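K.L.:
return atomic coordinates for the entry below.
(2 chains)
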There are 2 protein chains.
Amino acid sequence: MNTPALVLDVGRVKANANRMLQHCQNKGVLLRPHMKTPKCVEIAKIATAGRMNGLTVSTLAEAEVFANAGFDDILYAVGITPNKFGRVAALTRKTGKTLVLTLDSIEMANAIASSDLDNPVLIEIDCGESRGGLSADDPALPEIARILGKQFRGIMSHAGHSYTTDQISGVKEIAQSEFGAAVSAADRLRGQGIAVEVVSAGSTPTVLHSEDFSGITEVRAGIYLLNDLAQFGRNICQLDDIALSVLAAVIGHNRAAGVMTIDAGALALSKDIGANKFLPHAGFGWVCDAETLKPTGLAVDVVHQEHGSIKVDDPSMFDQLPIGSVVCVLPNHACLTAAGGYGEYHLTDGNIWLRHDGW
Amino acid sequence: MNTPALVLDVGRVKANANRMLQHCQNKGVLLRPHMKTPKCVEIAKIATAGRMNGLTVSTLAEAEVFANAGFDDILYAVGITPNKFGRVAALTRKTGKTLVLTLDSIEMANAIASSDLDNPVLIEIDCGESRGGLSADDPALPEIARILGKQFRGIMSHAGHSYTTDQISGVKEIAQSEFGAAVSAADRLRGQGIAVEVVSAGSTPTVLHSEDFSGITEVRAGIYLLNDLAQFGRNICQLDDIALSVLAAVIGHNRAAGVMTIDAGALALSKDIGANKFLPHAGFGWVCDAETLKPTGLAVDVVHQEHGSIKVDDPSMFDQLPIGSVVCVLPNHACLTAAGGYGEYHLTDGNIWLRHDGW
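P.N.:
Predicted coordinates for the structure are as follows:
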């Protein structure tokens, strides 16, 4: 097989998806899986158990792919701007599917209201990360809802900072502020006579570990479908839950320097080292047996554009992994590794599933 | 225009290309431009001044694109392994063009010699980076050349560590070891009666600043075509030589937190912060006026998958860059930014040129 290549263990994807679906069912909350990690129609079908609606996406390119594949009720979770109105209108016109938009300003609410778009809109609430969103008590909140009028559908929040801890107790606290901010904003609007249908919140850690979903109508999460060392190092998944790896060939041995080189570097693995805060030896990914996915104990320590350099302390590893042999690298951060330009997943059963990168 | 999008200033590409062509002509050395940064046929034609041969590539996908476009004598500068022999053979069969291969081991020399491939081969020499390549005095060197027989074409070396300094004197020293290692290996083989046609070396910094090209038959460089903040911070280019930028829309203002958000994050810009060693305020790229490319003084300070967060100390910047307005971001490292999944360059004259990512 050509290397580097993205390898997907569909059995693990299904187990990950089913675990989350079951969890959300137990909690009595709707799951709206985030496709920003897999960007793949077949995985979306697994993630929704075939219900063909209720997805989250991070790009209009994803929205178009999923709408064309028959999915309805797709949430575009990145703040909308007028330069994208044309594509949004075209998607609705061509597919008849509903794309839900997101915004957090009076300016964009006015832009939507004065446009031809009639998409439903969620208002984003900041729950402490200071990225996108208004404070739940921002005076602009009811004004935006009123400007949107019948297009106003509800509230969304996202705690990207749920990754700042590896302690479940810390995640529970952040979940409380994420869910709390969304519910508080919704309650405030309802108190002013504004109907709020959707109260959407979540990230994989907060959805898995929150103890209180009251007031939340739906949760969003995505990385749980594939998982990675960043999730493993934060105790969000087990090593055997990681469904994504990069098949790479050993292309060089430098025994004198104690370095082995593979043909997966910065583009194939990404330069993300988000896992390393809680898993210091994650490197740019763990080198594993290509058949069993068991770690060899080696990590990709340095990445150049196409070369990954692996420090080798035990010389017998050079004999175990001769030049031309292949390894699988478990990703540091699956969202970025998968987006490296592969365009497709190679399944362990020989099939290929398409990925849809770009914008 | 849709955002994020990759914007190319072709005037700057041409100026960068012509400056390097002139420099190499002055030094009496052939330039074999590296397409790993632009991955684009039109840029390859500019880089070679239309001569339609003599390229370097970092993936077989690039090799196929350029061979299909009519380019001959293409060097694949990543160590070859047997799992790629089939594609190499197919490229030769389908296009009739010559792909030059690279290796650094007896094992791969034997694999080539016992295969059906008759591609020319260069032996890679390590010049101090301890990535790929043999030492110039490695006993295996003449053995490999003999195994390759008539397929042996010459020597290549690359000083990736030329980026460890921002001092021209430091670059000159590294150039000396890079070129010296290649020439020394070639001389050693010639001393044993082995003909060495090609002695290939280089990186943008070492090609620009070496004082001695004696014994070198060709140089390789690539990033000079586009440039970036990593080159600028190392005094390799001027700010006005950066030909690549990312057009992004302002999608949010968080005045309370002093944060502005754009729709270009980790995928659109990459997580590379290689520029920051010598340009501490490079962030993940400099925010510039979308028309003039003049820096605003702002940088992308935090990247999430699709969100770029910009710290704003001067509140008037929120008025200068309202939500929905566009900016151009000068890349920290162009090779990684351009590979973010765009698939195309938007030219300032409205045309589109294709990029060829993946493997």
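
K.L.:
for the rest of this, base every contact and every neighbour count on C-alpha atoms.
P.N.:
Fine.

K.L.:
pLDDT of the top helix by length along chain A, averaged?
P.N.:
Longest helix of chain A, by residue count under DSSP state H: helix A:168-191. Rounded to a whole number, the mean pLDDT of helix A:168-191 is 94.

K.L.:
past it, which element shows up next along the chain?
P.N.:
Reading on from helix A:168-191 to the C-terminus, the next helix or strand found by DSSP states H and E is strand A:198-201.

K.L.:
convert that next one to PDB, retaining C-alpha atoms only.
P.N.:
Extracted as PDB, the C-alpha positions of strand A:198-201 are listed here (Å, rounded to 0.1, in the frame of the first residue of the first chain):
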ATOM      1  CA  VAL A 198     -32.600  24.600  21.000                       C
ATOM      2  CA  VAL A 199     -30.100  24.700  23.900                       C
ATOM      3  CA  SER A 200     -27.000  23.100  22.400                       C
ATOM      4  CA  ALA A 201     -23.700  22.600  24.200                       C
END
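
K.L.:
what lines up beside it in the sheet?
P.N.:
The pairing partners recorded for strand A:198-201 under DSSP bridges are strand A:152-157 (parallel), strand A:218-221 (parallel).

K.L.:
would you list these in CSV and tack on distance to B:Pro139?
P.N.:
As requested, the strands paired with strand A:198-201 are exported to CSV (distance: least, Cα to Cα, whole Å):
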stretch, distance to B:Pro139
strand A:152-157, 63
strand A:218-221, 55
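
K.L.:
got a markdown table for those, with mean neighbour count too?
P.N.:
As requested, these are arranged in a markdown table below (neighbours: other Cα atoms under 10 Å in any protein chain shown):
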| stretch | mean neighbour count |
| --- | --- |
| strand A:152-157 | 27 |
| strand A:218-221 | 24 |
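
K.L.:
do a quick rundown of the helices in the stretch 1-150 of chain A.
P.N.:
With DSSP state H, counting those that start in this stretch as the criterion, the stretch 1-150 of chain A has helices at A:10-27, A:41-47, A:60-68, A:85-95, A:106-113, A:140-148.

K.L.:
right, and the ones you listed - which one's nearest A:Glu211?
P.N.:
helix A:10-27 (8.9 Å; Cα to Cα).

K.L.:
now the closest one: buried residues?
P.N.:
Neighbour counts using 16 or more other Cα atoms under 10 Å in any protein chain shown place A:Val10, A:Arg12, A:Val13, A:Lys14, A:Asn16, A:Ala17, A:Asn18, A:Met20, A:Leu21, A:Cys24 of helix A:10-27 among the buried residues.

K.L.:
how about those in TSV, adding pLDDT and distance to chain B?
P.N.:
Listed next are the buried residues of helix A:10-27 as TSV, based on pLDDT from 0 to 100; distance: Cα to the nearest Cα, whole Å:
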residue	pLDDT	distance to chain B
A:Val10	98	22
A:Arg12	98	24
A:Val13	98	21
A:Lys14	98	24
A:Asn16	98	22
A:Ala17	98	21
A:Asn18	98	25
A:Met20	98	22
A:Leu21	98	24
A:Cys24	97	25
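
K.L.:
could you pull up the residues touching the closest residue to A:Ala69 other than its chain neighbours?
P.N.:
The spatial neighbour of A:Ala69 that comes closest, neighbours along the chain excluded (Cα to Cα, 6 or more residues apart in numbering or on different chains), is A:Val41 at 7.1 Å. Residues in contact with A:Val41, defined by Cα atoms under 8 Å, 6 or more residues apart in numbering or on different chains, are A:Val65, A:Phe66, A:Ala69, A:Leu354.

K.L.:
name whatever forms a beta bridge with the last one.
P.N.:
The reference is to A:Leu354. Partner residues in beta bridges with A:Leu354: A:Glu344, with DSSP bridges as the criterion.

K.L.:
so which of the contacts of A:Val41 is the closest to chain B?
P.N.:
A:Leu354 (13.2 Å; Cα to the nearest Cα).

K.L.:
which residues touch that closest one?
P.N.:
With contacts taken as Cα under 8 Å, 6+ apart, A:Leu354 has the following neighbours: A:Cys40, A:Val41, A:Gly343, A:Glu344, A:Tyr345.

K.L.:
if I look at it, how far off is B:Ala339?
P.N.:
With the distance defined as Cα to Cα, to the nearest Å, A:Leu354 ends up 18 Å from B:Ala339.

K.L.:
then A:Ala77?
P.N.:
Going from A:Ala77 to B:Ala339 by Cα to Cα gives 23 Å.

K.L.:
list the buried residues in stretch A:166-181.
P.N.:
A:166, A:168, A:170-172, A:174-181.

K.L.:
the strands in the stretch 251-359 of chain A, which residues?
P.N.:
Assigned by DSSP state E, counting those that start in this stretch, the stretch 251-359 of chain A shows strands spanning A:259-262, A:285-289, A:295-303, A:308-311, A:326-331, A:344-347, A:352-354.

K.L.:
got CSV for the ones you listed, with distance to B:Ala334 too?
P.N.:
Putting the strands of the stretch 251-359 of chain A into CSV (distance: least, Cα to Cα, whole Å) gives the following:
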stretch, distance to B:Ala334
strand A:259-262, 23
strand A:285-289, 23
strand A:295-303, 16
strand A:308-311, 19
strand A:326-331, 23
strand A:344-347, 24
strand A:352-354, 26
